[in-house]
Every structure is written in C-alpha cells, then in structure tokens.
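[1] show me the folded form of this:
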Amino acid sequence: MYGSKVVELNATEILGKITSLDIFVYYLGKGVMSGGAFHSPLRKDSKPSFTIFKHRDGTYLYKDFSTGEVGDCFTLLSKMYGLNHGGVCKLIDNDFRLGLSQTSFSAPTKQFVGEHNESLEKDMPSSTTIQIKSRPWNSREDKSFWGKYGITCEILETYNVKAALAVFVNGDLAVESNRYNPIYAYDFGNSRMKIYQPFSKSYKWLSNTSSTDLQGLSQIPEKGDTLVITKSLKDVMCLAAFGIPAVAPSSESCLIPEDVVSMLYSRYARIIILYDFDRTGVSFANKHRKLYGFEWLFITNGKFNTFDYEVKDFSDFIEKFGSRKASELIEYACQ
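    Next up, the predicted model:
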C-alpha cells in the first residue's frame, strides 16, 4: 500500500497533474522523445520495434510494430508491473509525488534523473538551425523567475541568455511564448542555441549544441584558483552571482574531453565538480574524479543515509535557503 489515505484514482485525475508524455519519459527514459524505434520494455527483441507517438487528440501512445499492439501509458505500465488500473494510478501518484491518494510516499519504483520535467529534452542534430524572435527583459515574470535564483538581468546578458517571443526550427515556427510559458534562449554563437521553457509540460529543452560544448567557458576569467564544473548554465549563472567561476557541459552524461580538461587545469589550480546527487550525477562525477582528479561536491537528498536538503541542485538550494546559506555552502566547498 502506498500511503495512509485510501482513495480510488483514475487516469483523468493523474492526467490533470502531468501529461502522458511525462509518464512515458519517466519509465522509459528521455530517448523516447527522439521519435525513433527502441527495444520493447515488455519482451526481449533483437530489432528495435517499439515507438511512442502523439495521437490526434494530443495524448501519447505506444505502438509495438512486432505485434501491432497500440496502447496508452497506463496499459503499458499495467503490463510492465503486473498491476490493475488502480494499482498503476497509485504507482504513478507515488513516483511523481502527486499527493492524490496519499500523504506519505515509498521509494520511487524507478529512480529518474532529476525532476521528471527537467529530463524532457529534444536534442537535435547540430545541422539543425534554431532561431528566435527576441523580446526585452521587461516582464515581471522574467524578474520573478530568475531573481529567485539570485540571477540578475546583467548576469543573463553576460551569458547571452535572451528572452524569446517565438522559436523557429529550420525556418518553421516551433513554439511561441505567453505569460504562462515564457521562453528563454541560451545563445552560444556559431548558430548553436539551447531553448529553455521552464514551465512546459511537453519538453523543457530544445537544443542543437554538441556534446563537446562547455557552457560558460567564454565568461570565466583567464586565470584563477578554483573552478566549479556543474550541470547546467543556470547553476553556472547562480555561482557567478557569488563570484565563483563555473562551466557546465551540455549535460551531466557528457564526459569532458581530456584536452579541454588540460586547458582548464592550465588556467585553474583546483577543479570541483558539483552534479546532482542522483544515479547519473554521481556516476559521471565519479568518472571525472577518477580520470582527472576532480574534487566532488554534492547537495545531498537523503539517499545513502545522507542529510536531506530537499533540493535537487544549487539553484534550488538558493531558492529554498537564500543567498546567505548558499554563500556559506560555497565558502565551505572552496576551503
């Protein structure tokens, strides 16, 4: 049993909180968003024949081309975990911490990387062109969103972050902003761009950057004592607000090339890696530590008998605890 309140759930209540795509991505991984076929989660197969597609009513479904079977996310989870419909709804309620049928939760069935929405990302080939129609930094929503992380408009401009009215992919309109869905563009030059939709329920990121791109590299001082490698440009900008030089790879799962690390060590005496305290973050922080001798720092979340800060990353830490506590954390890390 998943909680203390016994409430019968149904799909409508679940989909009032999250989307069917959120559910597919959580249990199958963000690779399902590529549009291509992958191996079935229901059986062993030698050839990828399983896909996720968007139905004309806006929901996402799966299709197994080997059997011809089509179904929704609830049907898939029923088959994967041997649960009835009510059991599937309770499973999702627990894993996404929705609080619909319980006030206390057991451990998630599958440990996902970061928050489920944060993992929704569309990586496009570097040959894909992404363009934006920009707008000024003048809305209350902009200042409210970035300000809670200690990021000012001056910092955003320094890191070439732009507010966008609309995004165009290969010349075609892809998405438009509104007061409920602001859009921001990280412009890395040379036609490389990462689009950020912090409140989107479909995908938060749209990118044509490469795995070798290092975010924030052109903004750090030429020489220094300590450099922090973190997981996102947002965290880079948060650290910059405290005067800490930082860079971030395209994603936590990118291994920084040896020649880039050598260049960084020629400029900084000490390198600290600050990744999320989850499976991917710990794994890749450890890989970098073993390969290059990076020190590591984690904001822990209760796993492995650690203290639970109840936050995911440094930007969330600032939002929850404020700038003073964040400054103390940085001072401790840089001792």
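
[2] check the secondary structure at the residue lying closest to V32 once chain neighbours are set aside for me.
    Nearest residue to V32, sequence neighbours excluded (C-beta to C-beta, 6 or more residues apart in numbering): I52, at 4.5 Å. Heads up, the C-betas are built off the backbone N, CA and C, glycines and all. Secondary structure for I52, judged by DSSP: H, G, I helix; E, B strand; the rest coil, is strand.

[3] what is the neighbour count of I23?
    By the criterion of other C-beta atoms under 10 Å, I23 has 23 neighbours.

[4] what pLDDT does it get?
    As predicted, I23 sits at a pLDDT of 91.

[5] tell me which element it is part of?
    helix 20-28 (DSSP states H and E).

[6] next, the buried residues of the lengthiest strand in the chain.
    Taking DSSP state E as the criterion, the chain has its longest strand at strand 161-169. Buried residues in strand 161-169, counted by 16 or more other C-beta atoms under 10 Å: 161-164, 167, 169.

[7] mind listing what the closest residue to N170 other than its chain neighbours touches?
    Leaving aside its sequence neighbours, N170 sits nearest to T129 (C-beta to C-beta, 6+ apart; 5.5 Å). Contacts for T129 (C-beta atoms under 8 Å, 6 or more residues apart in numbering) come out as 168-171, 191, 208.

[8] now the residues you listed in CSV, with pLDDT and distance to S200?
    Formatted as CSV, those follow (pLDDT from 0 to 100; distance: C-beta to C-beta, whole Å):
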residue, pLDDT, distance to S200
F168, 85, 17
V169, 79, 15
N170, 77, 20
G171, 80, 22
S191, 77, 23
N208, 80, 18
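
[9] one step back: so which of the buried residues of strand 161-169 comes closest to G16?
    V167 (27.3 Å; C-beta to C-beta).

[10] surely that closest one touches A174?
    Yes: counting by C-beta atoms under 8 Å, V167 does reach A174; the two are 4.8 Å apart.

[11] find the residues that touch each one of the two.
    L206.

[12] give the residue farthest from the middle of the chain.
    Using C-alpha atoms, centre = their mean, the residue of the chain lying farthest from its centre is T67. It sits 33.3 Å away.

[13] which SS class is it?
    T67 - assigned by three-state DSSP - is coil.

[14] which helix or strand contains K17?
    Under DSSP H and E, no helix or strand contains K17.

[15] next one: the residue nearest to it when sequence neighbours are not counted from S210, what distance?
    Among residues not flanking K17 along the chain, L98 sits closest, at 5.0 Å (C-beta to C-beta, 6+ apart). The gap separating L98 from S210 is 36 Å, by C-beta to C-beta, to the nearest Å.

[16] which one's more surrounded, these two?
    L98 (18 against 13).

[17] so the more buried one, which of the three states?
    With three-state DSSP as the criterion, L98 reads coil.

[18] looks like it contacts I18 (just checking).
    Yes: counting by C-beta under 8 Å, L98 touches I18, with 7.2 Å between them.

[19] shared neighbours, those two?
    I92.

[20] please report phi then psi for the residue nearest to K17.
    Here is the backbone geometry of L98 (degrees, to the nearest 10): phi -80, psi -30.

[21] state the distance from the residue nearest to V32 to K79.
    For I52 relative to K79 (C-beta to C-beta), the value is 15 Å.

[22] shouldn't D187 be within a strand?
    Yes: counting by three-state DSSP, D187 is located in a strand.

[23] if we ignore the residues flanking it in sequence, what's nearest it?
    The nearest residue in space to D187 (C-beta to C-beta, 6+ apart) is N160, at 4.4 Å.

[24] surely that neighbour meets N190?
    No: N160 is not in contact with N190 according to C-beta under 8 Å; the separation is 11.8 Å.

[25] more neighbours, the two?
    N160 (15 against 9).

[26] can you pull the pLDDT of that one?
    95.

[27] got the contact list for it?
    186-189.

[28] what mean pLDDT does the helix or strand encompassing R270 have?
    For R270, the host element (DSSP H and E) is strand 268-274. Mean pLDDT, strand 268-274: 93.

[29] how about that strand: buried residues?
    Of the residues in strand 268-274, those buried (16+ other C-beta under 10 Å) are 268, 271-274.

[30] do stretch 284-297 as well
    In stretch 284-297, counting by 16+ other C-beta under 10 Å, buried: 284-285, 288, 292, 294, 296-297.

[31] mind checking the SS state of the residue nearest to Y275 when sequence neighbours are not counted?
    Of all residues not flanking Y275 in the chain, G281 sits nearest, at 3.6 Å (C-beta to C-beta, 6+ apart). Classification of G281 into helix, strand or coil gives helix, according to three-state DSSP.
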